[in-house]
Structure formats: structure tokens, C-alpha cells
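[1] Provided below for reference: sequence and predicted model.
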Amino acid sequence: MSRFRAHPAWGPALILVGLAAVMLVIAGCGGDDDDDGGGDGGEAPSELGAGEGEVNLIAWAGYVEDGSTDPKVDWVTDFENETGCQVNVKIGNTSDEMVTLMRTGEYDGVSASGDATLRLIEGGDVDPVNTDLVPNYADIFPALKDQPHNTVDGVNYGIPHGRGANLLMWNPDQVKPDPTSWDVVFDPAKASQYKGKVTAYDSPIYIADAALYLREHNPELGIENVYELDEEQFNAAIDLLKQQKESVGEYWSDYTKEVEAFANGDSTVGTTWQVITNLLQDEGANVKNTLPSEGATGWSDTWMISSEAAHPNCMYMWMDHIVSPEANAAVAEWFGEAPANEKSCDLTENKDHCDIFHAADETFFDRIEYWTTPTKDCGDDRGENCKTYDEWVQGWTEVKG
Amino acid sequence: MGRRLADLFYGRPRLQAGALLSGPVGWLVIAYLGSLAVLFVASFWHLDDFTSEIERGFSLENFETLVNEDVYRSIAARTIGVAALVTITDAILAFPIAFFMAKVASSRVKAILVVAVLMPLWSSYLVKVYAWRTILSEEGALNWALDPIGVSVPDGDIFRLWLVMSYLWLPFMVIPIYAGLERIPDTLLSASEDLGARPGTTFRRVILPLAFPAVVAGSIFTFSLTLGDFIAPTLVSSTQFIGNVVYTNVGVANNLPLAAAFATVPVVVMILYLLIARRLGAFEQL
Amino acid sequence: MRLSTRSRWILRAGVAVTLAFIYIPLAVIGLYAFNESRLLQWPPPGLTLDWFGKAFENEGARDALLLSLEAGALATAIAILLGTLASLAVARYSFFGRETISFLVILPIALPGIVTGMALNATFTQTLSIDLGLFTIVTAHATFCIVVVYNNVIARLRRMSTSFEEASADLGADPWQTFRYVTLPNMRTALVAGALLAFALSFDEIIVTTFTAGSDQTLPIWIFANLSRPNQLPIVNVVALLVILLSAIPVYLAHRLSRDESISGRGASAVAEGTAVP
């Protein structure tokens, strides 16, 4: 009897049984996930009250600088002094992280990229924004307003922060002649010339880039909206990416990785951001970039307010501040993107900043397809047959293998 | 007051044990295991086809996906394979230095070596991975060093991850082996010599069996740390480990069920590993 | 143990190779701390001390370092307390489920960080509804640090003969006094070793911390956020180098403490080893 009791497997067995029991109980009770359901739970306020004394933000690194990174880079301290709203920022490294953080309901707002915005809206994690309460909204480039990635059924869910494009960059010493099309990374005949040196952005949203290429080169697929792909179009894009993988040396998710890859000769051609090209050229590397003939995907981040914001007034004040001409100019220059506010172009330290980033060049941005979260609703006569983001994630997992 | 409490506990060993354990066990069982349980309940849920919301009904859909789709099987195999490779490599690399520290070095040298082995634990894991990235790159330090020989760094993702992870977890293997070897009485080794065994035989038949539990103890760390890592694969390679898939499914994709289902793989593997390790006596050697 | 000269030299070579393997990448990090360029190229184009100045000015780095030290100290303290309690219970008493404790305690560190992180995050934010911050960081770290202290202490307790404690009781001491005057001093170095390892674990932890830190930045979180920004990369290298150099101090001190013990206890423990039941 005592030997039976002392058997060493009892312990772990006990744990597993206990776990299973707890699991059954919880499954029965329904767990603790509190989804607010739908996207029409919240409403935008009609007027602002006094500041609540603090605001908790989730932001990309470089969007909310208070001088602790570089004493000269600071557009937060004067905001805090003027409004009395103490800014606390949590740096998100990826869209996934930001969405997970927003779901906790502990933050007032987030600078969301297009691949996350619709997910946040659908999940009820963010509220609509009353743009009348954001005076500086009036000066934002018209082309940035009412975009599908942050406006649903005519309701605005955020304030545009800035924008940028995913351009094609190459090392002219290795890649000749200068490419004018994405075929240099997608066409097997061309891409294989640079086998092991091609690079691509490491995110499921890159599937849209493949769709962009197919839109031009395989018109029989009928792709129009690169973010709304039905079964056939999606599979074609995945196949193209699997083929591309054979030439890819590495994928990059943080831009330091791409900067170093090009500087060290590990990559010679692939998707890039303008700021990466600038950095490499600053350090003496030989690179060039272009907007290829098919166009490109791009991004425009949106400041969104949480549906559970504890400090909504401060959040509105922040949103107004970050798109004010001075602050927007500062952040656009520090981060390396085109500002959202038209008036910012006169205020950047580098007078050519807006030209380099094509800030006022609408013919440039006309050819850019801003990141947006793929949803079931194709938005046209195909109905509700398009692939959702979680399916994009599974597809991307397959591509990378 | 102290005396009163002492009187209360006197002669009641179970009460004493209970009081001692209530803190740690309470936290671990209720908070940690409880939340693990909640997490794994989610693996039986699924995303609704239409709304992409999490549906709480019971379904084995996720596990079917994991088993049927090739890519998840190969990712799991890759993760476990690299973990095993790293463990074996670290065991081989750690043994000489651990043996030297335990049995050969003078106490002054021993002190220096202990410090030398432990110090890297304090340097940031992230910085070490970034350093390796540059070392392994095309025009990096390793190629620069190998150039005169005419060799260049092999290209594969697995090679890079194997190298980097063996590097990262090496101190975790050295310390338990060192501690385990220290516990082998010198008298045993002298006895073996007296009985006529050459050092090689003594090593094979006396040291290795006695040190084996310690090696297994160290391997718990190297294996589990490799199994769960997703940062190094992202930074140093283009390939995916289990952790990467879990991570990408949890965020925007909101596919917590699939992520939780895939997360059960390393958990099950580790629990099995721990059970085997305990059998081999490793728990006394940690 | 007597080794032939040849074996000795092979052993020495093995040690040298391993040490080189461990330290060359650290040397590379050290070199990059002086790197002129913002990019990590090889070889570095030039050397400069500029980044050191910038690192000292950097408020974010200083705050992160302080938070890491704070969290590490607190987590280690809790781990010492809980780990000692648990190991005392397991080593000195027998009760139902005793075997399980060792298994239970190692789970937080053996399971993948992302699983532990997600689980603890769910507990904090949903079940307990508490704000993420220093408290949750410390709790999370203590959870996986317990095992390190537990294992060191329990190994020591198992080797320590209970006859000392019995003698103390015979002489009239109550359990608390016995613990304070007999058990604790003998455990001292095991505690130190465990504390050191626990602190190191906490100081460098990134995955679980990301899920439980809220807006606070520990040093690893700060590093993660800044490594991907080329303007900040050199400062990160400086910070890393300084941390490595500074860490030599506590490690050396800890080893001195445990060395004293082993010299005096060597004879006794050797005898205990020989007669111990495996």
C-alpha cells in the first residue's frame, strides 16, 4: 500500500488530472474572455472635458519621444506642460504585440498600422473618433482622410499619423541594370540571378505585395483590391511567394536587420522603406530605390482611441498635438516618413525632407496601396468570400516553412 | 510570540510542512497552473468562419490542422531537432571545462574560471544574438577569420541557429556538470587508479556514469530554452520555430486557439523530458 | 586524479577552445561599443568614445537599468524566501505529494517563455485585474526564479546531516532557533549561489517580462526597443559592455563566499558523500 502511494509517477499524474479537471470546469463556465462584440459598441464624444492628468499610449519606437532617447528629440514635454497630461508610453515592436496590448484595455490609445486597424475596430477595442474635436485634423492631407483602413461605413476611427511606401531597393554594384519593376524579386528567371541575396518584409501582410505583382502580370486572376483576395487569388499569391523563397536570403522585420544586411552584402535587392535607404547612404553604402511600375504597398499609421480609455480627454489632446504642424514635422523627420499635416513641410529642419519622402506628391501616393487588415467581406460582388487575416497568417507560415 | 507559534507546530510535522509550503505551492498551483489550464482550454476553441471571433465550442479543429498540414509538423520537428542538437553540442563543449574546474584546477584558477563562465550570463541575450548576426554575415567576422583557409560560413538557417543557441545556453550546461563532478569524491578516482584503470577507462566507467545525471540536469535548460525561443530565429535566420508560429497567431490574427494548440507541443515535450530526467536522477543535480 | 601530460594538454586545449568560444562574441560586442559607424559592419570603420557619453546621458537606459536592478533584487528576495520554504519542507518532512514539488517548481522555467508569459498575463489582467508594472514583473520573475534557489538549497539540505539539528533540539532550542543558528549558516553559500543565478535570470529575461511589464521598461525591454533603431544601436552596445564588466563584481564576491565554505566543509561533505544513499 505504501509502495503504491510512493510511486513517483503519482505526482505528475496528479498535476495532469488536476489540470484536466480545471480545464473542464472552465470550459463549462465559459472562461473569462470579455469580448465587447462588434464594432458599434462605442461612440465618439461630442465635446471634450478637462484633461485627466495622464495618458497611456502604445506606440512604435520613435513616435513618442520625450527626450530620454536624445535630449534634443522631444515633442512630449511641451505637451505635458501645456495640457497637464503625463504621457506614459509602451513601445510595441510588432502589430501583433500592439493588438494584444490593446485588448487588455489598460491603454488609452495606440498608433496602429493598417494591418491592425480593422482588427481593432472589429474587435471593439477602439472607438470612433470625432474629428471635430481634433482641430489640426483640418490641415491633414486630404488623401489621408477617410481611408478604408481606418474608416468603416463613413465612421472615422482614428487620426492619420504619417505615411510611407514599401519601395524597391537595390545595390547598383550587384544588380544591373537598374530595375523598374518588381519582377526582379518575383519573376523566377530574374530573381534566381540574385539567389540568396533577395530580401522581403517578414510579415503576412507581404502577401499583398505578391498580389500587387499578380494584379499586373496575371490579369486573368482578376485581382483589384490586393487586400481582399479570394481562394484562387490567395493561392496564386502564396505559390508566388513560395517560389520567391528559393531566392530569398533573409526576411527582415526590424529595419536594422535590413540596414545591416545591405551594408554587409547579405542582401542586394528587395523591399525597403525610405528611411533605410537614407541611413545606408548616410553611412556610405551604395544603394538606390524606386517606386516600381506596378506600384507598391505602403502604410499610414493611425492614432486610435481605446474603447476602454480611462483618459479620453487627454487622448484627444494627444491626438491633436501629434498631428500639429510642429510635432508632426519633428516625428516625421526623426522616424523617417512623410508627415500627415500639410503645414509640417515648412517646418522640417531638412528642407528637402518632404521631397525625399514624397509627402505632397499625390501622384506618387496614388500608386500606393496602404496596408489594411484583410477581412471576410470582399467589398464587391464576390461577397463574403475573402481570406481573413488569420488565414493570411497561416498562409505566411506555410510560405516561410 | 515565537514560542507560542513553536508550541503550536510542535509535534505536528504535517502542519509544519503545510505552513512552509503554502506560499510557494499556493502561488504556483493557483496562479500559474490555473492560468496555464485556461490557456490550454483555448486550444479546443476555434475561430468562427464568418466573424473570425473566438468560438467557445469544443472542437479538435486546431489539432487536426496541426497534424494534417505539413508545415506545422516540419516546424515542430525542426524545433525539437535543433534543441536536441544544441543540447548534445553543449554537453560536449561543457564537459572539458567543467572537468578541469572540478578536478584539475587549483582553487585560485577554479575561482577565476567560475567567474569567467558565469559572467556571460549577465550580458544581454539580445545583444549577444545581434553580435552573432554580424559575426555570421557575409562580410562578418567569421568569414573574415576563415578567409585565409578558403572556407566560408555555411549558409543554412539551421547551422546558424545551432551555432548561436549552443553559444547562448552553454553556461547553463557548464554549472550543473561542474557541480556534479565536484561531488564525485576524489577517493573514488584514486581507487579506480589503484585498481589499474587508465585515465580513459576511469573516465568512461566511473566519471561518465556518475556525471550523467548532472548532464541531464543541464540539458533541461538547454533543451527547454531552445524549444521555447522565438527571438533568435527571427533575428538570425529566416526560418520558424514553434514559438514564432504561436507569437504570430496570438496578435492581430486573434487566433488564440491555434496558438494555444501549437503551444501544447513544447509543453508536452518538456513534461515528458522532465519525467525522463527525473528518472535519470537529474533533479538531485540541478 | 593523475593524468598523463598529454591528457592534461588536451584538456587544457579543450578549456581554451570553450573559453574562446564564450568570449570572442563578447569581445566583438565590446569592440562595437567603440564603433564609429551606426551600423554593425566588420571590421568597424573607426573607433570613438562618443557613444559612452551619449549612453550616460540617456535617461531611458538609466531608468531601465534601475528598474531591472530593482526588480531583480525583489524577485531574488522572494525567490529566496519561497525557495527556502519549499526546500525545507521537501527535505525535512514527508507528506503526500512530496515528489511533485520538485516537478511543480521547475515548470515555470522549463516551459517555453511565451507560454508562461501568456499565462501570467492572462492571470494578471483578467483573473486578478491588476495593473501591469513593477509588482507583476517581480511576481513573474519570482515564479521562475524559485526553482533555482530551491534546487541549490535542497541539494545542500540533503547533504547536511540532520544530526546537527537533532543535537540542537536536544540542547533545548526551538525550531526557529535551530533554523537560525544551525541550519541557516550551513545553507548560506547555497543561498548565495541560488540568489546569484536567480538575479542573473531575472536581469536578462525578456519574453515573460514583455507580457508582464506594462509600460515599464526593464533593461532587456529597453534593449529590444532600441536595438532595432540604428541611431540607438551603438548606445546599446555600450550599455551591454558596461553591464558585462560590472557583473564581474557580484559573481566574484559570490564565489569567494562559497569557496570559504567548501574548504572547511570539504572533509565532512566528502565523508557524507561516500556514505550517502544515492
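    Sure, I can see it.

[2] for the helix or strand hosting A:Tyr316, packing partners?
    Per DSSP states H and E: A:Tyr316 is located in helix A:312-322. Contact here means 3 or more Cβ pairs under 8 Å, 6 or more residues apart in numbering or on different chains; DSSP states H and E; on that basis helix A:312-322 packs against strand A:54-60, helix A:77-83, strand A:109-112, strand A:302-306, helix A:325-335. Bear in mind the C-beta positions are built from the backbone N, C-alpha and C, glycine included.

[3] so how far is the second one from its chain's centroid?
    Here the centre of helix A:77-83 is set off from its chain's centre by 28 Å, with Cα atoms, centre = their mean, to the nearest Å.

[4] low-scoring stretches of the stretch 151-286 of chain B, by residue?
    Counting by pLDDT under 70, the stretch 151-286 of chain B shows low-confidence ranges at B:284-286.

[5] enumerate the residues of it near chain C.
    B:167, B:170-171, B:175, B:179, B:183, B:185-187, B:189-190, B:193, B:199, B:202, B:220-221, B:224, B:227-231, B:242-243, B:246-247, B:250, B:263, B:266-267, B:270, B:273-274, B:278, B:281, B:283-286 (Cβ under 8 Å from any Cβ of the partner chain).

[6] list the contacts for B:Pro120?
    Neighbour list for B:Pro120: B:Lys128, B:Pro171, C:Ile22, C:Tyr23, C:Leu26, C:Ile244 [criterion: Cβ atoms under 8 Å, 6 or more residues apart in numbering or on different chains].

[7] look up how far chain B lies from the third one.
    Just to be clear, that refers to C:Ile22. Counting by Cβ to the nearest Cβ, to the nearest Å, the gap from C:Ile22 to chain B is 6 Å.

[8] run a quick neighbour tally on that residue.
    19 (other Cβ atoms under 10 Å in any protein chain shown).

[9] now it: closest residue in space, sequence neighbours ignored.
    Excluding its sequence neighbours, the residue lying closest to C:Ile22 (Cβ to Cβ, 6 or more residues apart in numbering or on different chains) is B:Pro120, at 5.6 Å.

[10] now swap in the last one and tell me
    Take C:Ile244 and drop its neighbours on the chain: the residue closest to it by Cβ to Cβ, 6+ apart is B:Ser123, 4.4 Å away.

[11] on the three-state scheme, A:Gly105 is what?
    Three-state assignment for A:Gly105 (DSSP: H, G, I helix; E, B strand; the rest coil): coil.

[12] tell me the pLDDT of it.
    Confidence at A:Gly105, expressed as pLDDT, is 82.

[13] got a pLDDT number for the residue nearest to C:Ile244?
    Taking B:Ser123 on its own, its pLDDT is 79.

[14] contact partners for it?
    C:Leu26, C:Ile29, C:Asp204, C:Ala240, C:Val243, C:Ile244, C:Ser247.

[15] repeat for C:Asp63
    A:Ser68, C:Gln217.

[16] distance of whatever residue of the stretch 151-286 of chain B ends up closest to chain C relative to B:Gly243?
    Closest contact between the stretch 151-286 of chain B and chain C, by Cβ to the nearest Cβ, is at B:Gly228 (2.6 Å). The gap separating B:Gly228 from B:Gly243 is 6 Å, by Cβ to Cβ, to the nearest Å.

[17] could you pull out the strands in the stretch 101-250 of chain A for me?
    Along the stretch 101-250 of chain A, counting by DSSP state E, counting those that start in this stretch, strands occupy A:109-112, A:126-127, A:151-152, A:155-156, A:159-160, A:162-165, A:167-170, A:198-201, A:248-252.

[18] number of residues surrounding residue 153?
    All of this refers to chain A. Other residues close to A:Asp153 by other Cβ under 10 Å number 6.

[19] can you look at chain C instead?
    Neighbours of C:Val153 using other Cβ under 10 Å come to 24.

[20] name the residues contacting each of B:Gly228 and B:Gly243.
    With Cβ under 8 Å, 6+ apart as the test, B:Gly228 and B:Gly243 both reach B:Pro266, C:Pro112, C:Gly113, C:Ile114.

[21] tell me who's in contact with B:Val86.
    B:Trp162, B:Met165, B:Ser166, B:Trp169, B:Thr222, B:Phe223, B:Thr226.

[22] next one, pLDDT for it please.
    B:Val86 is given a pLDDT of 96.

[23] for it, give me phi and psi.
    The phi and psi torsions at B:Val86 (degrees, to the nearest 10) take the values phi -60, psi -40.

[24] circling back to that earlier point, considering the contacts of B:Val86, which possesses the most neighbours?
    Result: B:Thr226 is most packed of the contacts of B:Val86 (other Cβ under 10 Å), 29 neighbours.

[25] wasn't that residue part of a helix?
    Yes: under three-state DSSP, B:Thr226 falls within a helix.

[26] wait, it sits on B:Gly81?
    No: contact status for B:Thr226 versus B:Gly81: not in contact, 9.9 Å apart, counting by Cβ atoms under 8 Å.

[27] returning to what we had before: what about the residues of the stretch 151-286 of chain B next to chain C, which are in helices?
    Of those, the ones assigned to helices by DSSP state H are B:167, B:170-171, B:175, B:179, B:186-187, B:189-190, B:193, B:199, B:202, B:220-221, B:224, B:227-228, B:231, B:242-243, B:246-247, B:250, B:263, B:266-267, B:270, B:273-274, B:278.
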